[in-house]
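>>> Sharing a model that was predicted from the sequence below.
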Amino acid sequence: MAGHQAHQAQQAQQTLHVGGEWREAVSRATREILDPADAKPFAVVAEGDERDADAAVAAARHAFDTGEWPRTPVAERAALLRRVADLLVRDREELGLLESRDAGKTLEEGRIDIDCVADAFRYFADLVVGEGGGRVVDAGSADVHSVVVHEPVGVCALITPWNYPLLQASWKIAPALAAGNTFVVKPSEITPLTTIALMRLLAEAGLPAGVANLVTGPGHTVGARLAEHPDVDLVSFTGGLVSGTKVARAAAESVKKVALELGGKNPNVVFADACATDEDFDTAVDQALNAAFIHSGQVCSAGSRLIVEESVRERFVAELARRAGRIRLGRGTEDGVECGPLVSEGQREKTEAYVASALAEGAVLRAGGRRPEPSAERPATGYFYEPTVLDQCHREMKVVREEVFGPVLTVETFRTEDEAVALANDTEYGLAGAVWTTDAGRARRVAGRLRHGTVWINDFHPYLPQAEWGGFGKSGVGRELGPAGLAEYRETKHVYQNLAPKPVRWFAGRPQ
Ligand code: NAD
């Protein structure tokens, strides 16, 4: 028995996937993965470093330069992506549970994440087969055949965050594979488990060895090395602004392609007319709650800034605070729990610091603002924090300007449409925002003026795989999903063929 356990422990540390093989880190270092609901370790993974990153890049480079995948017909690549989607559906329960425990989300959210991952694989499979091969360009001569084609970029480094671990990875992996690239993925060091599991499914679906590589380990070693590595052609990063800026700087040295999906400080603008009937009021409050507190606010597009028309503020905020106080916090796998813990102690302390600074700057606490009492479904050691509503906020406050990435909603008010738009756009970010109104003209006007990559009208949070996702301003560079999300992983090539070559005689020297 002891021998069996030792074998399992050793297997558990072989979480680096390099050239089709499972390995431990060169240093043999490991990391415990904690369940944020009780802070207890429930898995052990290899802790890679720069040497492991180099080995993985070498494997991906070799597979790209000499392997079959970049030259595999599009229909076959798409068929493989569809097989991966089927395997995700087969393993939905297991993967959903893993995501729930690793990231601290409810089991239902974990399952939905896996459905969305499968959708991403299917979407990019459909997109590539539906495209046709290249665009013929009229060169103005019957003797010239000119065509613009798209080819894979090469070796892609894919760096992902901890809030939607597998979903964010799939928005990169699916288009990278659909386009014929090879890659090295580096999941967040605190939530690597489902990405490791995906590597197994890719192999089971028949992906050739070396196309998909994975290195678990910290950002400042593995991530930084991938971003600067001269043999990496593209780096696609999802994470915070500070790390994203470092990635962009490192990538600039070798002029590699860069895609950045960074943070957000997302406005949810509510006009009084959207609260005119009891039913509309209930919907707007319910959605504001969902916008701010789903996954404890650890969502890049969280509606963390409520910007509500002055005339309905008191009623709206009172009801919002009442409902926020009733959100059932607990371990995500417990029945009836609506919201899990924060992902780490660091994330909880960061949240607490933002709330403290807001109160010091004059915000009024309407709900939450503390750690909840422990209970049977909420262990004392878990990283729980109550959904928090801060009223009387203004744009000079740190909590209004910076991304908290925790369950904190700030409330600002406006009197005119112009004022609402100015407030909503007064952020260095520009990822997503919403407007609530029953006036169709105003809805379109305001949506047109919001400087955000996604704008919802009378909704919050939905996204579609076929519609681009990404940000204005410091929310990033480039787009994921949609046709542009595939284009990120391609080079464009113009092939000009002269069907009847003749001398050009630009220079004098004629043959004698
Ligand atoms: P983070 O920036 O700390 O880490 C993200 C990833 O980058 C991790 O894998 C980390 O190890 C790695 N990393 C850190 N430093 C690095 C460096 N110097 N070089 C290379 N890699 C490095 O972010 P996080 O805390 O994991 O995630 C939360 C952030 O992600 C939030 O800001 C959130 O808004 C953002 N996010 C954005 C989107 C989007 O679509 N725009 C989606 C999800 C999350």
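Alright, I've got the coordinates.
>>> Next to the ligand, which bits of the protein? Give me the list.
Within the chain, the positions near the ligand by C-beta under 6 Å from any ligand atom are 159-164, 168, 186, 188-189, 218-220, 223-224, 227, 238-240, 243, 246-247, 261-264, 300, 403, 405, 431, 471, 475-476. Using the backbone N, CA and C atoms, a C-beta is placed for each residue, glycine as well.
>>> Filter these down to just the ones in strands.
The strands, defined by DSSP state E, take in 159, 186, 238, 261, 476 from the residues of the chain next to the ligand.
>>> quick one: contacts for the residue lying closest to the third one once chain neighbours are set aside?
Put plainly, it is residue 238. The shortest distance from residue 238 to any residue other than its chain neighbours is 4.1 Å, reached at residue 261 (C-beta to C-beta, 6 or more residues apart in numbering). Residues near residue 261 by C-beta atoms under 8 Å, 6 or more residues apart in numbering: 168, 236-239, 300, 469-471, 475-476, 478, 480.
>>> Residue 406 now?
296, 297, 298, 342, 347, 348, 350, 351, 354, 385.
>>> Might you specify the subset of the residues you listed located within helices?
347, 348, 350, 351, 354 (DSSP state H).
>>> State the number of residues packed around the third one.
Translated: residue 350. Per other C-beta atoms under 10 Å, the neighbour tally for residue 350 reads 16.
>>> Test my guess that residue 472 contacts residue 454.
No - Residue 472 lies out of contact with residue 454 (C-beta atoms under 8 Å); the separation is 10.0 Å.
>>> Tell me the buried residues in stretch 351-361?
351, 352, 354, 355, 358, 361 (16 or more other C-beta atoms under 10 Å).
>>> I am assuming the first one contacts residue 403, so please confirm or correct that.
No - distance between residue 351 and residue 403: 11.1 Å, which falls outside the contact criterion (C-beta under 8 Å).
>>> By neighbours, which of the ones in strands among the residues of the chain next to the ligand wins?
Counting by other C-beta under 10 Å, top hit in these: residue 186 with 30 neighbours.
>>> For residue 195, give its distance to residue 201.
With distances taken as C-beta to C-beta, to the nearest Å, residue 195 is found 11 Å from residue 201.
>>> now swap in residue 340 and tell me
25 Å.
>>> Compare these two (neighbour count), which wins?
Between residue 340 and residue 201, counted using other C-beta under 10 Å, residue 340 has the larger neighbour count: 30 against 20.
>>> mind listing what the more buried one touches?
Taking C-beta under 8 Å, 6+ apart, one finds 36-37, 100, 103-106, 109, 295-296, 329-332 in contact with residue 340.
>>> Next step: the residues you listed restricted to helices.
Reading helices off the contacts of residue 340 with DSSP H, I get 100, 103, 109.
>>> since we're on the first one, how many residues are nearby?
Residues within reach of residue 100, counting by other C-beta under 10 Å, total 23.
>>> Flag the shaky bits of this protein, pLDDT-wise.
For the chain, applying pLDDT under 70 flags the ranges 1-12, 509-512.
>>> Tell me which residue lies nearest the centroid of it.
Centrality entry for the chain: nearest residue to the mean C-alpha point is residue 168, 3.7 Å, by C-alpha atoms, centre = their mean.
>>> surely that one meets residue 162?
No - assessed by C-beta under 8 Å, residue 168 is found out of contact with residue 162, at 9.1 Å.
>>> now the helices for the stretch 51-200 of the chain?
Taking DSSP state H, counting those that start in this stretch, the helices of the stretch 51-200 of the chain run over residues 74-90, 92-103, 107-129, 165-178, 193-204.
>>> hmm, back to that, so can I have a markdown table of the ones in helices among the contacts of residue 406 showing distance to residue 508?
Shown next, in a markdown table, are the ones in helices among the contacts of residue 406 (distance: C-beta to C-beta, whole Å):
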| residue | distance to residue 508 |
| --- | --- |
| 347 | 73 |
| 348 | 78 |
| 350 | 73 |
| 351 | 76 |
| 354 | 74 |
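>>> still on that earlier bit, residue 472 and residue 454: which has the busier surroundings?
residue 454 (24 against 18).
>>> Need phi/psi at that one.
Here is the backbone geometry of residue 454 (degrees, to the nearest 10): phi -130, psi 130.
>>> Return the residues in contact with the spatially closest residue to it that is not a sequence neighbour.
Leaving aside its chain neighbours, residue 454 sits nearest to residue 432 (4.1 Å; criterion: C-beta to C-beta, 6+ apart). By C-beta under 8 Å, 6+ apart, the contact set of residue 432 is 264, 266, 301, 452, 453, 454, 455, 456, 471.
>>> what about 7 Å?
264, 266, 301, 452, 453, 454 (C-beta atoms under 7 Å, 6 or more residues apart in numbering).
>>> Report the separation between the two terminal residues of stretch 376-391.
31 Å (C-alpha to C-alpha, to the nearest Å).
>>> Pull up the gap between the residue nearest to residue 238 and residue 353, please.
In terms of C-beta to C-beta, residue 261 sits 25 Å off from residue 353.
>>> if we can go back for a sec, and the residue nearest to residue 454, how far is that from residue 453?
To residue 453, residue 432 is 6 Å away according to C-beta to C-beta.
>>> do residue 81 as well
Note on residue 81: its distance to residue 453, by C-beta to C-beta, is 25 Å.
>>> Name the SS class of the closest residue to residue 215 other than its chain neighbours, please.
In this structure, residue 215 finds its nearest non-sequential neighbour in residue 48, 4.3 Å apart by C-beta to C-beta, 6+ apart. Local secondary structure at residue 48 is given as coil here, using DSSP: H, G, I helix; E, B strand; the rest coil.
>>> i'd like the first residue to be 32 from this point on
Let's use 32 as the start, then, which means that last one is residue 79.
>>> got the contact list for residue 464?
Under the criterion of C-beta under 7 Å, 6+ apart, the contact list for residue 464 reads 297, 298, 300, 455, 481, 483, 486.
>>> Check residue 112 too.
By C-beta under 7 Å, 6+ apart, residue 112 lies in contact with 152, 155, 156, 205, 208, 209.
>>> I figured the second one was touching residue 203, is that so?
Think residue 155. No - Residue 155 is beyond contact range of residue 203, at 10.5 Å (criterion: C-beta atoms under 7 Å).
>>> Share the number of residues neighbouring residue 180, please.
13.
>>> Am I right that it is in contact with residue 521?
No - assessed by C-beta under 7 Å, residue 180 is found out of contact with residue 521, at 9.4 Å.
>>> Nearest spatial neighbour of residue 64, chain-adjacent residues omitted?
residue 74 (4.2 Å).
>>> on that earlier part again, give me the neighbour count for the residue nearest to residue 246.
Other residues lying near residue 79 total 30 when counted by other C-beta under 10 Å.
>>> what's near enough to touch it?
Residue 79 touches 47, 56, 246, 247, 248, 253, counting by C-beta under 7 Å, 6+ apart.
>>> could you measure it against the ligand, distance?
Distance, residue 79 to the ligand, by C-beta to the nearest ligand atom, to the nearest Å: 11 Å.
>>> got it, and residue 376?
Taking C-beta to the nearest ligand atom, one finds residue 376 at 13 Å from the ligand.
>>> Next: residue 75.
Distance from residue 75 to the ligand, counting by C-beta to the nearest ligand atom: 18 Å.
>>> Let me know whether that residue touches residue 56 as I believe.
No - here residue 75 does not reach residue 56: they are 11.6 Å apart, not a contact under C-beta under 7 Å.
>>> More neighbours: the two, which one.
residue 56 (23 against 17).
>>> who are the neighbours in contact with the spatially closest residue to the more buried one that is not a sequence neighbour?
Spatial nearest neighbour of residue 56, chain neighbours left out: residue 77 (4.2 Å); criterion: C-beta to C-beta, 6+ apart. Applying C-beta under 7 Å, 6+ apart, one finds that residue 77 lies in contact with 44, 45, 46, 47, 55, 56, 61, 247.
>>> Right, I'll leave it there.
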